[in-house]
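**Student:** show me the folded form of this:
(2 chains)
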Amino acid sequence: MKRLVTAVVLMVSVILGGLYSVHTVSDMTSRLSHTLTAAQHSARESDGTAAASLLSEAQQDFENHERFLSAILNERKLDEVRLGFARADACARLDDQSQLFLELTALRQAVDDLLRSEDTSLENLF
Amino acid sequence: MYLLAVHTFPLYGEYYSYSLIRFCEVIFLLLLVIRTAIVYAAVIGGLRFTGKRQLGELSPSEFAVTILVSELACIPLQDAAVPLLGGMVPLATLLSVEVLLSYISRRSRHIRRLLSGNPCVVIKDGQFDAQMLRSLRLTAEDILDGLRFAGVTKIEDVRYAIIETNGQLSVILRAMRQPLTADDLKTKPSEVGMPLALVSEGKLIDYNIRQLGKSEAWVREQCRKHGAKTLDDVFLLTLDDCGNVFYQQKTGGAA
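**Tutor:** From the prediction side, this is the model:
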């Protein structure tokens, strides 16, 4: 009976843990995507200061959740996001708005991919 | 890991950079060792958790779990980019499902039949059931192999031969071919006890000593009686619940 209870507890924990991770990743990536979209708009309008500030805000947000994301997501996907931040950051420092816009687009795509990989959709199921 | 090391240890020249890379490689290998140890412990713990059923004869569902567990355990070990949870969560899910299914199938005959199937009689009164063999996709030669393995050479001696749910062949012989038992001879042989090791390779096994209601002093006395000067001289001392003692010295020889 103890074994059965343990199995039920384990199963419930796994399901709840899965739901929590989907919720957290979805929440964080939506927020990041939103911030990065705003940064893209700023870069398109050649407002380098605002774009850099939004990029920095997004990076801070990502770094705050990095440990949790490392525990549940493939490290290669996270590396793409890290690389995206590094490249966009370099463009922001060089004040190259057109390149920054491109890098932010790629970064947003990498962030959206994180959500897609965790999404409970039929595509992911099959 | 490399980035962590770069932040932790500032680089001073090429030599230091090379050393740093070596350091990172060592850390990476160490991580692999730790991950392997964790996965190994999880698999052992998981299989212990499913109980002894898993380790003996396997039913189809248990066999499926065993195969999947071995594959799943490899994923986080082969690819360091995959988080440990990526292997652990499916492992925990599978083993939990296995325990839940075994509980349900113990309660419900239908589920048990669905998961494990039914035992199938392939020989009845010395005659093969050809239709059953066809449905099991077995040949008469396969059954003959099983009969030989069971020590049966004549098919007509077999009352029933049954393919069990775990794939093993059980053979029930005709009454005339059953081995004689003490009951048939109306004799009363003395009971045989279950031997437990009290001393193994010079080490006292306290749990077994307590189980048999003996003391350490009694065990030492037995060893002395059999000619051992110290416990180190004893290879094995066993005692069963009927009081039969087996003693073997480290240098050999049994009493």
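
**Student:** excluding covalently adjacent residues, which one is nearest to B:Ala161?
**Tutor:** Spatial nearest neighbour of B:Ala161, chain neighbours left out: B:Ile123 (3.6 Å); criterion: CB to CB, 6 or more residues apart in numbering or on different chains. Quick note: C-beta positions are derived from backbone N, CA and C, even for glycine.

**Student:** contacts only, for that neighbour.
**Tutor:** Taking CB atoms under 8 Å, 6 or more residues apart in numbering or on different chains, we find B:Ile123 in contact with B:129, B:143, B:155, B:158, B:160-161.

**Student:** could I get the residues you listed in TSV, plus columns for pLDDT, secondary structure and neighbour count?
**Tutor:** Shown next, in TSV, are the contacts of B:Ile123 (pLDDT from 0 to 100; DSSP: H, G, I helix; E, B strand; the rest coil; neighbours: other CB atoms under 10 Å in any protein chain shown):
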residue	pLDDT	secondary structure	neighbour count
B:Asp129	93	coil	16
B:Ile143	91	helix	22
B:Ile155	91	helix	15
B:Val158	94	strand	23
B:Tyr160	95	strand	16
B:Ala161	94	strand	24
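
**Student:** that older thread, quick one: strands adjacent to the helix or strand harbouring the residue nearest to B:Ala161?
**Tutor:** Counting by DSSP states H and E, the element that carries B:Ile123 is strand B:120-124. Partner strands and pairing direction for strand B:120-124 (DSSP bridges) are strand B:127-128 (antiparallel), strand B:158-163 (antiparallel).

**Student:** quick one: closest of these to B:Tyr207.
**Tutor:** strand B:158-163 (38.9 Å; CB to CB).

**Student:** which residues of the stretch 101-250 of chain B lie near chain A?
**Tutor:** Within the stretch 101-250 of chain B, the positions near chain A by CB under 8 Å from any CB of the partner chain are B:Tyr103.

**Student:** tell me where the model's unsure across chain A.
**Tutor:** A:118-126 (pLDDT under 70).

**Student:** pull up the residues of it that are close to chain B.
**Tutor:** In this structure, chain A approaches chain B at residues A:3-4, A:6-8, A:10-11, A:13-14, A:17-18, A:70-76, judged by CB under 8 Å from any CB.

**Student:** so of these, which ones are in helices?
**Tutor:** Counting by DSSP state H, the residues of chain A next to chain B place A:3-4, A:6-8, A:10-11, A:13-14, A:17-18, A:70-72, A:75-76 in helices.

**Student:** so how do I select the buried members of the residues you listed in PyMOL?
**Tutor:** In PyMOL, the members of these classed as buried (16 or more other CB atoms under 10 Å in any protein chain shown) are selected with the following command:
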select buried, chain A and resi 7+10+11+14+72
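
**Student:** break chain B into its domains for me.
**Tutor:** With domains defined by automatic domain parsing, chain B comprises B:2-111, B:120-177, B:196-249.

**Student:** quick one: contacts of the host helix or strand of B:Ile67?
**Tutor:** Using DSSP H and E, B:Ile67 maps to helix B:60-78. Defining contact as CB under 8 Å, 6+ apart, one finds that helix B:60-78 is touched by B:32, B:35-36, B:39-40, B:42-43, B:46-47, B:50, B:53-54, B:58, B:82-84, B:86-88, B:90-91, B:94-95, B:97-98, B:101-102, B:115-117, B:165.

**Student:** other residues contacting stretch B:231-242?
**Tutor:** B:190-204, B:212, B:214, B:219-220, B:222-223, B:226-228, B:245-252.

**Student:** quote the end-to-end distance of it.
**Tutor:** Using CA to CA, to the nearest Å, one end of stretch B:231-242 lies 23 Å from the other.

**Student:** equivalent analysis for stretch B:176-195, please.
**Tutor:** End-to-end distance of stretch B:176-195 (CA to CA): 34 Å.

**Student:** ok, for B:Leu133, nearest residue in space, not its chain neighbours?
**Tutor:** Of all residues beyond its chain neighbours, the one nearest B:Leu133 is B:Val122 (5.9 Å), with distances taken as CB to CB, 6+ apart.

**Student:** verify the stated contact: the one you found with B:Arg134.
**Tutor:** No - here B:Val122 does not reach B:Arg134: they are 10.6 Å apart, not a contact under CB atoms under 8 Å.

**Student:** tell me which residues of stretch A:82-101 come out buried.
**Tutor:** A:82, A:84-85, A:87-89, A:91-92, A:97, A:99-101.

**Student:** distance between that stretch and the chain's centre?
**Tutor:** 17 Å (CA atoms, centre = their mean, to the nearest Å).

**Student:** need the contact partners of that stretch.
**Tutor:** Stretch A:82-101 has contacts (CB under 8 Å, 6+ apart) with A:40, A:43-44, A:46, A:48, A:51-52, A:55, A:58-59, A:62, A:103-104, A:106-107, A:110-111.

**Student:** please repeat the previous calculation with a cut-off of 7 Å.
**Tutor:** Stretch A:82-101 has contacts (CB atoms under 7 Å, 6 or more residues apart in numbering or on different chains) with A:40, A:43-44, A:46, A:48, A:51-52, A:55, A:59, A:62, A:103-104, A:106-107, A:110.

**Student:** what are the boundaries of the helices in chain A?
**Tutor:** A:2-44, A:48-72, A:75-94, A:97-118, A:122-125.

**Student:** and among the ones you listed, the most buried is which?
**Tutor:** Of the helices of chain A, the one with the most neighbours on average (mean count of other CB atoms under 10 Å in any protein chain shown) is helix A:97-118, at a mean of 19.

**Student:** alpha carbons of that helix, as CSV, please.
**Tutor:** The C-alpha trace of helix A:97-118 is given here as CSV (Å, rounded to 0.1, in the frame of the first residue of the first chain):
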residue,chain,number,x,y,z
GLN,A,97,20.5,49.9,-35.3
SER,A,98,19.8,47.9,-38.5
GLN,A,99,22.0,45.0,-37.3
LEU,A,100,20.5,45.3,-33.8
PHE,A,101,17.0,44.9,-35.4
LEU,A,102,18.1,41.7,-37.2
GLU,A,103,19.7,40.3,-34.1
LEU,A,104,16.6,41.1,-32.0
THR,A,105,14.5,39.3,-34.6
ALA,A,106,16.7,36.2,-34.4
LEU,A,107,16.7,36.4,-30.6
ARG,A,108,12.9,36.6,-30.4
GLN,A,109,12.7,33.6,-32.7
ALA,A,110,15.0,31.7,-30.4
VAL,A,111,12.9,32.7,-27.4
ASP,A,112,9.7,31.7,-29.2
ASP,A,113,11.3,28.3,-29.9
LEU,A,114,11.7,27.7,-26.2
LEU,A,115,8.0,28.1,-25.8
ARG,A,116,7.3,25.9,-28.8
SER,A,117,9.4,23.1,-27.4
GLU,A,118,7.5,23.2,-24.0
